[in-house]
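Enquirer: Just a sequence and a predicted model for now, questions to come.
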Number of protein chains: 4
Amino acid sequence: MHIGMIGLGKMGLNLALNLKDHGHSVIGYSRTRKTVEKAISQGIEGTDSLEQLVGMLGPRKVLWLMVPAGNPVDETIDKLVPLLQKRDIIIDGGNSNYKDSITRYHQLKQQAIDFVDVGTSGGMEGARNGACAMIGAEKEVFQYLEPLFKDICVENGYLHTGANGTGHFVKMIHNGIEYGMMQAIGEGFEILEKSRFNFNLRDVARVWNNGSVIRSWLIELTEIAFASDPQLDDIRGVMRSSGEGLWTVQEALELKAPIPIISHSLFIRFRSEQVDTFSGKVVAALRNQFGGHAIEKA
Amino acid sequence: MHIGMIGLGKMGLNLALNLKDHGHSVIGYSRTRKTVEKAISQGIEGTDSLEQLVGMLGPRKVLWLMVPAGNPVDETIDKLVPLLQKRDIIIDGGNSNYKDSITRYHQLKQQAIDFVDVGTSGGMEGARNGACAMIGAEKEVFQYLEPLFKDICVENGYLHTGANGTGHFVKMIHNGIEYGMMQAIGEGFEILEKSRFNFNLRDVARVWNNGSVIRSWLIELTEIAFASDPQLDDIRGVMRSSGEGLWTVQEALELKAPIPIISHSLFIRFRSEQVDTFSGKVVAALRNQFGGHAIEKA
Amino acid sequence: MHIGMIGLGKMGLNLALNLKDHGHSVIGYSRTRKTVEKAISQGIEGTDSLEQLVGMLGPRKVLWLMVPAGNPVDETIDKLVPLLQKRDIIIDGGNSNYKDSITRYHQLKQQAIDFVDVGTSGGMEGARNGACAMIGAEKEVFQYLEPLFKDICVENGYLHTGANGTGHFVKMIHNGIEYGMMQAIGEGFEILEKSRFNFNLRDVARVWNNGSVIRSWLIELTEIAFASDPQLDDIRGVMRSSGEGLWTVQEALELKAPIPIISHSLFIRFRSEQVDTFSGKVVAALRNQFGGHAIEKA
Amino acid sequence: MHIGMIGLGKMGLNLALNLKDHGHSVIGYSRTRKTVEKAISQGIEGTDSLEQLVGMLGPRKVLWLMVPAGNPVDETIDKLVPLLQKRDIIIDGGNSNYKDSITRYHQLKQQAIDFVDVGTSGGMEGARNGACAMIGAEKEVFQYLEPLFKDICVENGYLHTGANGTGHFVKMIHNGIEYGMMQAIGEGFEILEKSRFNFNLRDVARVWNNGSVIRSWLIELTEIAFASDPQLDDIRGVMRSSGEGLWTVQEALELKAPIPIISHSLFIRFRSEQVDTFSGKVVAALRNQFGGHAIEKA
């Protein structure tokens, strides 16, 4: 298949290489010439012109977007539409909000352009060597693309989740679960680290990865992290977030689904980005007011 | 009534002055001569000798402890016991663990010394002008002391909560609720402070204190705090804790009572005493591992 | 002042009576004739015709809406606008989302009609005898209405919180705090109730209301609740919610403000409306899978 | 090696079979004749007499306890001690509290009997085919037993975690993390299940197991669970807990480690065992008091 990969960042380039390994003809695109050249140096044909990109693709063109969620997706689609023909396919493989994906599907439908939302998991390594793809698409479009997903995903690693929007919906929930799992792992190691026993944290992660109930890729990555920095001394515990966790909580609010663990894991991330909290200041002031408890000066 | 007030810190001295205002004969004790002198300068008779203190009291001596929870209580009791006689009364008015109070009750019972556990609330102001007392005691002992509690508490502000231990139990729960209420208030103001509207936080606290559903002494104190420091710029949000919140959570664990709000308010306090979290480091390391997300160097 | 009170439910009727007590000329409106008649029987002039209502008011008409948030507010405004003149005033005293209030303000501005958003607290009793009002309005409009708020609120019980929208914003946060405070109180009493001590919960609430740190209107109401049902045997613990708590969490998500206590208090309410949880089913199934732990059949 | 397996429940029997597969001579013991017979029917030599069991073992006897935590462990040890000789080894492979294990170690030390605490993970399947073992022991004792652990664990699936007590400590933390991971997974599926999209939950679990960031044994088990009951209709969401999660929270309280996710996951389990909550009754009563919100009758 001929694929135009738009966005050649960490994920886009790895997916392009993965596609190429499986015999697909990939042309990479980035606005930035330097990024294009980096891709070319790794064997991916590339251009910094969308017109040129589209021109190089065969009939029923497949444009795969790996650009940041939000405006960049809309801007790219707006530029692509005049260049495309009926039944050409735009895939959004980034972390877009599923509601945006549903809107984009309907908008493109009016132009007779097919849209597919793909939640992509597995990190950079997965993108390169075998990803996990959650695919929201019309059945015919999914079937047309299926060989492609079969090639770049691990075995059983792709799923037609349903109508448009569901790919990004399932990826959103995946990330919500990920937030909670990671926070649980972090808390466990925080206790180990604070305990009077002088645990080798890497060893603990390793043994847990072999036969335990909590064995998982995340614990494998924990083991790797401790291998290079045994007490994580070089790292600050600042946990940023890119949207999916927040959207998961927003979705739960709409559905009245009680999800304290996931929501909490998100709030802990917000907290980690703050040096201090205003709520803490209020409580400290109150303790001082009623009990005379000493205040620490800012 | 003749009362020996042992411990002349913020709470002890105010209670002594409160008792004196109501015509009781109070003798203050502190190990520290300087503290005794400060009490004397405020009109409280005082000594730094327990023997002298006990000698100055009339029959059925009442010794009221306002010393830090834990060892100081036991050490004081150990020193007092040889000086006391049958049916003398030791009141522990501090924030002791109710289980310790039950143990002390039984130990003193063997010496025929009466023990009373009093949870005291209302802060320094309450101690001075009208406290709230939760009293665990045998019925006869409570009745003997009742006039005293009637004098120093606000109207309806004392309760015989039941057998020994229950005074400190009810105070423990009171403080657990206090943790949760304070954190809720803090969070509300954190949103107000972060919002794009330029709220006058003192005014907001004031209007809430007049007729709203959440009117409360804690919101009154919030108003006072904002009056002197409108954005709490001078205060760090470090929230220490002295035990009752933690004991509340421990009690809930034993009773299998789901109390996520109180327990979380406690964990937020622990978090506020840390500059960074190890759990955060783990999560940040994981995000870097799978997604290449940048790490902030420590 | 002449006021048209639109909506004569629990809050609207009490506010109307309160206004009348203070010498204002109030005309009540409800779509439902029966509701109008009930108001009339309590001395409030009334009508089920908006046209008639507007016709009965003097110049610079004041229309006070106490109708459910959402569509009912928009529908009422849509019907009123053709009947009103420049500088007439619509007050929304209900629990509307502050974003809607900002939108309505701008829409009405185009018709030269003034809009005021009033967060009203204090419950039914406050509405009747002295409310708490958080008022988002243009300065001139606020000043025009100020005598009215002075009359129906407790002393210092009203505040011009700022531009339009801020009245409902501050009320939203008030309710978020209320959720947290109530849940903290509930958890405290849950431990008391589960403990082996046979506490008289009403007595505990009463003593806490007199001099303690957590004295508050909510604990006063707790005392009253236990007075009529000592163990709350007749009540199911189903906690519904009408929107402000949810909006508070949504606002915090937008502001990246960590508010785990308020958000969790909301999720606990959602949980209370479910008989069982799907998350619980998943966990129970997992425990069965790996450990052979018995499953309870649905 | 000759091993006496004491306790032939789900875990004990599977471990015995696993040991036997690897050429060890295992004699099983249960108080219950029927349980012994079941083991014998599966090829494990067995007895319901501890004396007989001990008599059948060779020098430096190894007694492996797989009995419920708490009293059963102490009772079994008490019965064993008179039958053992210096340097015989008692392994506690159950889910004991690590503090108890430290105590038992010291008590047995006085009898010159070696004690080893082994946290065993991997569920029944792991016990049968390859477990994960966290081992607290003196170095010499660990080394003596190491061939045994090598045989019954998966590759790299055992770890000498340190001094006595650390095996059960690390297992405790493992289970704490497990609670959090499971709850996060449950919440994610709760949203999927509540959403308007008609997801095939088994398919979602399957795709996540192949290449995604959250791939893990727990998600594999989720897939299996959905395979046999697609909507878990037959299961109630009651989540019992056997101690390790609770101990993890208690440990965190002692260490002042903020672990809201794990503690919360525990409280959610407590909640799931209750039909209703007292805290909910209090909140419902309060909402009725101030707002007239309808109460649902019990």
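Expert: That came through, no problem.

Enquirer: when you scan the longest strand along chain A, is anything in it near chain D?
Expert: When chain A is parsed with DSSP state E, its longest strand is strand A:153-162. Yes - for strand A:153-162, a contact with chain D is found by CB under 8 Å from any CB of the partner chain, at A:153-159, A:161-162. Using the backbone N, CA and C atoms, a C-beta is placed for each residue, glycine as well.

Enquirer: Let me see the ranges of the helices in the stretch 1-150 of chain A.
Expert: For the stretch 1-150 of chain A, the helices defined by DSSP state H, counting those that start in this stretch cover A:10-21, A:33-41, A:50-56, A:71-80, A:98-109, A:123-129, A:139-152.

Enquirer: Give me the angle between the second one and helix A:10-21.
Expert: In other words, helix A:33-41. For helix A:33-41 against helix A:10-21, the angle between stretch directions is 30 degrees (axes from the mean of the first three to the mean of the last three CA atoms, to 10 degrees).

Enquirer: Same check on the fifth one?
Expert: Orientation of helix A:98-109 against helix A:10-21 (the same axes, to 10 degrees) gives an angle of 50 degrees.

Enquirer: Next one: residue A:92 from chain C, what distance?
Expert: 23 Å (CB to the nearest CB, to the nearest Å).

Enquirer: Can you classify residue A:250 as helix, strand or coil?
Expert: State at residue A:250, reduced to three classes by DSSP: H, G, I helix; E, B strand; the rest coil: helix.

Enquirer: Nearest residue to it in space, please, no chain neighbours.
Expert: The shortest distance from residue A:250 to any non-neighbouring residue, by CB to CB, 6 or more residues apart in numbering or on different chains, is to residue C:253 (6.4 Å).

Enquirer: The one you found and residue A:253, how far apart?
Expert: Using CB to CB, to the nearest Å, residue C:253 is found at 8 Å from residue A:253.

Enquirer: Point me to the residue of the stretch 1-150 of chain A nearest chain B.
Expert: At 3.5 Å from chain B, residue A:123 is the closest residue in the stretch 1-150 of chain A, using CB to the nearest CB.

Enquirer: Same check on the stretch 101-250 of chain A?
Expert: Counting by CB to the nearest CB, the stretch 101-250 of chain A gets nearest chain B through residue A:237, at 2.2 Å.

Enquirer: residues near that residue, how many?
Expert: If you count neighbours by other CB atoms under 10 Å in any protein chain shown, residue A:237 ends up with 23.

Enquirer: number of nearby residues for the residue nearest to residue A:250?
Expert: 21.

Enquirer: mind listing what it touches?
Expert: Residues near residue C:253 by CB atoms under 8 Å, 6 or more residues apart in numbering or on different chains: A:246, A:249-250, A:266.

Enquirer: Make CSV out of these and add distance to residue B:291, neighbour count and pLDDT.
Expert: CSV is the format used below for the contacts of residue C:253 (distance: CB to CB, whole Å; neighbours: other CB atoms under 10 Å in any protein chain shown; pLDDT from 0 to 100):
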residue, distance to residue B:291, neighbour count, pLDDT
A:246, 16, 22, 98
A:249, 20, 27, 98
A:250, 22, 18, 98
A:266, 16, 27, 98
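
Enquirer: For residue C:142, state which of these is nearest.
Expert: In terms of CB to CB, no member of these lies closer to residue C:142 than residue A:250, at 33.7 Å.

Enquirer: Please verify my assumption that the closest one contacts residue C:250.
Expert: Yes - in this structure residue A:250 lies within contact range of residue C:250 using CB atoms under 8 Å: 6.9 Å.

Enquirer: Residue A:264 should be in a helix, yeah?
Expert: Yes - the assignment for residue A:264 (three-state DSSP) places it in a helix.

Enquirer: so it touches residue C:258, yeah?
Expert: No - in this structure, residue A:264 is not within contact of residue C:258 by CB under 8 Å, at 9.3 Å.

Enquirer: Quick check: end-to-end length of stretch A:22-33?
Expert: 26 Å (CA to CA, to the nearest Å).

Enquirer: That one near chain D at all?
Expert: No - contact of stretch A:22-33 with chain D (CB under 8 Å from any CB) is absent, the minimum separation being 14.8 Å.

Enquirer: For that stretch, which residues meet the burial criterion?
Expert: Neighbour counts over stretch A:22-33 (16 or more other CB atoms under 10 Å in any protein chain shown) mark A:24, A:26-30 as buried.

Enquirer: Sitting in strands, which of these do you find?
Expert: Mapping those onto strands (DSSP E) picks out A:26-29.

Enquirer: what two of the residues you listed are the furthest from one another?
Expert: A:26 and A:29, at 10.2 Å, using CB to CB across these.

Enquirer: Mutual contacts of these two, please.
Expert: Common neighbours of residue A:26 and residue A:29 (CB under 8 Å, 6+ apart) are A:4-5.

Enquirer: Give me the neighbour count for residue A:286.
Expert: 26.

Enquirer: Could you double-check that it sits in contact with residue B:185?
Expert: Yes - the criterion here is CB under 8 Å, and residue A:286 meets it with residue B:185 at 7.5 Å.

Enquirer: Can you list the buried residues in stretch A:223-243?
Expert: A:223, A:225-226, A:232, A:235-239, A:241.

Enquirer: now, which of these sits nearest residue A:57?
Expert: Nearest to residue A:57 among the buried residues of stretch A:223-243: residue A:241, at 35.1 Å, using CB to CB.

Enquirer: Residue A:269 is in contact with that closest one, correct?
Expert: Yes - counting by CB under 8 Å, residue A:269 is a contact partner of residue A:241 at 4.9 Å.

Enquirer: Now the common contact residues for the two.
Expert: Common contact partners of residue A:241 and residue A:269 (CB under 8 Å, 6+ apart): residue A:179.

Enquirer: circling back to that earlier point, my guess is the residue of the stretch 1-150 of chain A closest to chain B contacts residue B:293, does it?
Expert: No - look at residue A:123 against residue B:293 with CB under 8 Å: they stay out of range, at 9.8 Å.

Enquirer: ok, these two, which is more surrounded?
Expert: More crowded of residue A:123 and residue B:293, by other CB under 10 Å: residue A:123, with 25 against 16.

Enquirer: Just the element for the nearest residue to the more buried one once chain neighbours are set aside, please.
Expert: Using CB to CB, 6+ apart and skipping residues adjacent in sequence, the residue nearest residue A:123 is residue B:290, 3.5 Å away. Element membership of residue B:290 [criterion: DSSP states H and E] is helix B:278-291.

Enquirer: Need the residues that contact that helix.
Expert: Under CB under 8 Å, 6+ apart, the answer for helix B:278-291 is A:10, A:122-125, A:182-183, A:185-187, A:189-190, A:193-194, A:217-218, A:221-222, A:224-225, A:229, A:232, A:235-240, A:268-269, A:272, B:293-296, D:213, D:258-259.

Enquirer: Confirm the residue nearest to residue A:250 sits in a helix?
Expert: Yes - counting by three-state DSSP, residue C:253 is located in a helix.

Enquirer: Break chain A down into its structural domains.
Expert: For chain A, the TED database gives the domain ranges A:2-163, A:171-273.

Enquirer: Quick one: closest of the ones you listed to residue D:68.
Expert: domain A:171-273 (18.6 Å).

Enquirer: Thank you kindly, that will do.
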